[in-house]
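K.L.:
Need coordinates for the below:
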Amino acid sequence: MGLVQKPARYVGGEYGQINKDLDSVDVRVAFCFPDTYEIGMSNLGLRIMYGVLNGVDGVWCERVFAPWNDMEEQMRRSGLKLYGLESGGSICDFDVVAFSVGYELSYTNVINMLDLAGMQIRAEDRNDSSPIVIAGGMCCFNPEPLSDFVDLFVIGEGEEVACELIELIKAAKKGAISKREMLLAASAIEGVYVPTLYDVSYNADGTVSAVTANDEVALPVMKRIVHRLDYSFFPVDGIVPSTGIVHDRVALELFRGCVRGCRFCQAGHVCRPVRSRSSENLIKQGIGSLRASGYDELALLSLSTSDYEQLFELCDGLMDWCEPRRANLSLPSLRADNFSAELMERVQKVRKSGLTFAPEAGSQRLRDAINKNVTEEDLLATCRIAFEGGWSAVKLYFMLGLPTETDEDVVAIAGLSHAVLHTWKQFAKNKSRGVRVTISTSCFIPKPHTPFQWEAQITAEEYLRRVNLLKSSLKAKAITYSWHSPEQGLIEAALSRGDRRLGRVIESAWKLGSRLDAWSEHFSQENWRMAFEQCGTDPAFYAQRERGRSEVHPWSIISSGVSNEHLWNEREASRENRKTPDCREKCSACGVSGVFAVEDRVGGLYARNVQP
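P.N.:
All right, here's what the predicted structure looks like:
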């Protein structure tokens, strides 16, 4: 009888993986994804960094994923240390252990993976012979909760920073310099944050008093971006997983950044400015990836796919190749305000998948307050186009607990859902198939570097009250409703806006047994409650407290290039239900264009007010 589920997660040997001769390797990198194989191998960022690092002479980058609980049990029982999939070597013998951290509920996985590797989990306890522990990813725009465990953070996009760090590590190994000397040298690289080079003080009420930089290092640390995306690496000859993964398809990145300015969206703010790839280049990359992998589906990825102005040319070029080979082209991240029936007919000739939209709020007042520039008329017109075209399934995503939300706004979600159903009854091409309208709600999480970073999250009890209000307002059997756990949302919000003192809480939760917290079957509210209690703090202090304009944020150590003044002005505009035009219509003076000298001429998107 098998001892673990899905053993293919742990054996490597996939088509397209990169193997190297250890005798020719100067630096070994363990690229760790703190979640399961199925999640990690669906991540395009991991695939990009794997290719970038392995493209450097003398560097071997191997993949490492968090084991499921059954595999962890067997590893601990047998004394097997966490290993790289390519060589099977223990990662404690590598030079670099690098984590890609995109979700706060994976923090305990980071600690657990270090422990499974036989390494000290705290940076201060590791000696000069230990691997350098690096973290990057979206969560590192507030690196403080993980600062006890990580030697250095990469802020922003990692392709160029990683190569510069590798050269530094090569030189450090040859020169036999100390770990502190190497970290001090690394701090001079743009986009690198070394926590031990900064001190944080606190007020009597527990808020941050000041952040002080030592050794004349940068404060704040400015994020790093790839300026010319069209010339950056893309993994055409990528790894083909030997077991099913969450997104089992080719993913094609159209552009980075977003012009929209939704006030709740962290990625939309920290990934500015917009930089895109040309349609000509994307067509080559997409077809090449399909040929190399054997996949029969290609997804176009970005924060807002339908804002890519060469989308028709791109889809036509890809469909010329895909249609005769029965390969499907899918477009996630579409918006209801620029949906095109012609476009959908072009890309879904092979098969019609369901349509997904994120109105985020039920009423127009609240959509204006969060700057989600989508109207009910936009959504219903889009649904009419889809239903007339033969589609019969629509998913709608909303948040509960958005700033200024009222019960009327909650009930409006039901009204909007019923209006979508009524649109199907009026305009569906084929009513015999029936219709599925699926709505989902999650609890609003106030995120750093957004206009809502000062706002409070509602309590779990209030969230569930609003869930029940919405449930009671949904009358049609054709509408299905699901909602996310408010308990997980509380911990996510606390970790999202936390400071260095939360390192003790994360460690305590891990010692109590928390790991794989993003999975509802593994998440333990009791573990986290006890961890906060043991450390003498309260998650509500971080998650459910409105912050004043003058309060020093833990993440003020980091700059995304967007000014705090702009974020505050946007927060004030939300209180007046006042919309801000998207960046193509009018520059909102967010500050990014004055920091990053980027002019995007490729995909029709842009970064205006470029400084010389």
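K.L.:
Tell me where the stretch 51-200 of the chain has helices.
P.N.:
Applying DSSP state H, counting those that start in this stretch to the stretch 51-200 of the chain gives helices spanning 69-78, 107-116, 159-175, 179-186.
K.L.:
just the stretch 251-400 of the chain next, same as before
P.N.:
Under DSSP H, counting those that start in this stretch, the stretch 251-400 of the chain gives helices at 266-270, 279-293, 311-322, 341-347, 364-369, 376-388.
K.L.:
how about the ones you listed in TSV, adding mean neighbour count, mean pLDDT and distance to G591?
P.N.:
Glycine gets a C-beta too; all of them are placed from N, C-alpha and C. As requested, the helices of the stretch 251-400 of the chain are exported to TSV (neighbours: other C-beta atoms under 10 Å; pLDDT from 0 to 100; distance: least, C-beta to C-beta, whole Å):
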stretch	mean neighbour count	mean pLDDT	distance to G591
helix 266-270	22	96	11
helix 279-293	19	97	30
helix 311-322	18	91	29
helix 341-347	17	68	34
helix 364-369	21	98	23
helix 376-388	19	89	30
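K.L.:
Quick check: F31 is in a strand.
P.N.:
Yes - the assignment for F31 by DSSP: H, G, I helix; E, B strand; the rest coil puts it in a strand.
K.L.:
since we're on it, how many residues are nearby?
P.N.:
Here the number of neighbours of F31 (other C-beta atoms under 10 Å) works out to 25.
K.L.:
Pretty sure P554 sits against V200.
P.N.:
Yes - applying C-beta atoms under 8 Å, one finds P554 in contact with V200, separated by 7.5 Å.
K.L.:
Who has more neighbours out of those two?
P.N.:
Taking neighbours as other C-beta under 10 Å, P554 and V200 compare with P554 leading, 23 against 19.
K.L.:
Excluding chain neighbours, give the residue nearest to the more buried one in space.
P.N.:
D499 (3.8 Å; C-beta to C-beta, 6 or more residues apart in numbering).
K.L.:
same deal with R433?
P.N.:
Nearest residue to R433, sequence neighbours excluded (C-beta to C-beta, 6+ apart): S392, at 4.9 Å.
K.L.:
Go ahead and confirm the one you found touches G434.
P.N.:
Yes - if you go by C-beta under 8 Å, S392 and G434 touch, sitting 6.6 Å apart.
K.L.:
Those two - which one has more neighbours?
P.N.:
Set S392 next to G434 and count neighbours by other C-beta under 10 Å: S392 wins out with 20 against 11.
K.L.:
For L252, give its distance to R277.
P.N.:
9 Å (C-beta to C-beta, to the nearest Å).
K.L.:
hey, what's in contact with both of these two?
P.N.:
Contact criterion C-beta atoms under 8 Å, 6 or more residues apart in numbering; residues shared by L252 and R277: Q285.
K.L.:
Count the neighbours of S330 for me.
P.N.:
By other C-beta under 10 Å, neighbour count at S330 equals 19.
K.L.:
What residues does the residue nearest to it when sequence neighbours are not counted make contact with?
P.N.:
The shortest distance from S330 to any non-neighbouring residue, by C-beta to C-beta, 6+ apart, is to A299 (4.7 Å). The contact partners of A299, taken as C-beta under 8 Å, 6+ apart, are 247, 249-252, 329-332.
K.L.:
beta partners for the closest residue to V64 other than its chain neighbours?
P.N.:
Spatial nearest neighbour of V64, chain neighbours left out: C32 (4.4 Å); criterion: C-beta to C-beta, 6+ apart. Here C32 sits in beta bridges with V64, F99, going by DSSP bridges.
K.L.:
ditto for V240
P.N.:
Y15.
K.L.:
I'd say it and R47 touch.
P.N.:
No - under the criterion of C-beta under 8 Å, V240 makes no contact with R47, lying 11.1 Å away.
K.L.:
The two: which has the busier surroundings?
P.N.:
R47 (20 against 15).
K.L.:
name the element that one belongs to?
P.N.:
Per DSSP states H and E, R47 falls inside helix 44-54.
K.L.:
Show me what counts as buried in that helix.
P.N.:
By neighbour count on 16 or more other C-beta atoms under 10 Å, the buried set for helix 44-54 is 44-54.
K.L.:
Now do it: everything it contacts.
P.N.:
Applying C-beta under 8 Å, 6+ apart, the external contacts of helix 44-54 come out as 18, 20, 29, 31, 33, 40-41, 59-61, 63, 100, 102, 137, 158-159, 162-163, 166, 233-235, 238-239, 251, 253, 301.
K.L.:
With stretch 515-530 instead?
P.N.:
35-36, 66, 68-69, 72, 103, 105-109, 112, 485, 487-488, 491, 505, 508-509, 512-514, 539.
K.L.:
Run the chain-centre distance for it.
P.N.:
Put simply, stretch 515-530 sits 20 Å off its chain's centre (C-alpha atoms, centre = their mean, to the nearest Å).
K.L.:
What of stretch 310-330?
P.N.:
With C-alpha atoms, centre = their mean as the basis, stretch 310-330 stands 27 Å off its chain's centre.
K.L.:
Now do the end-to-end distance for it.
P.N.:
End-to-end span of stretch 310-330 (C-alpha to C-alpha, to the nearest Å): 16 Å.
K.L.:
same check, this time on stretch 198-209
P.N.:
End-to-end for stretch 198-209, by C-alpha to C-alpha: 13 Å.
K.L.:
now swap in stretch 39-48 and tell me
P.N.:
In stretch 39-48, first residue to last residue: 15 Å (C-alpha to C-alpha).
K.L.:
going forward, begin numbering at 720 instead of 1
P.N.:
OK, 720 is where the count begins now, so the last one is stretch 758-767.
K.L.:
Give me the distance from that stretch to the chain's centre.
P.N.:
Relative to the centre of its chain, stretch 758-767 is centred 11 Å away, using C-alpha atoms, centre = their mean.
K.L.:
How is the residue lying farthest from the centre of the chain assigned, secondary-structure-wise?
P.N.:
Largest separation from the mean C-alpha position in the chain: S1151, at 39.3 Å (C-alpha atoms, centre = their mean). Secondary structure, three-state DSSP: S1151 is helix.
K.L.:
how far away is it from S1111?
P.N.:
Distance from S1151 to S1111, by C-beta to C-beta: 10 Å.
K.L.:
Let's have the contacts of A1018 in TSV, adding pLDDT.
P.N.:
As requested, the contacts of A1018 are arranged in TSV below (pLDDT from 0 to 100):
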residue	pLDDT
H966	91
R968	94
V969	95
A970	95
L971	96
L1048	88
S1049	84
L1050	81
P1051	75
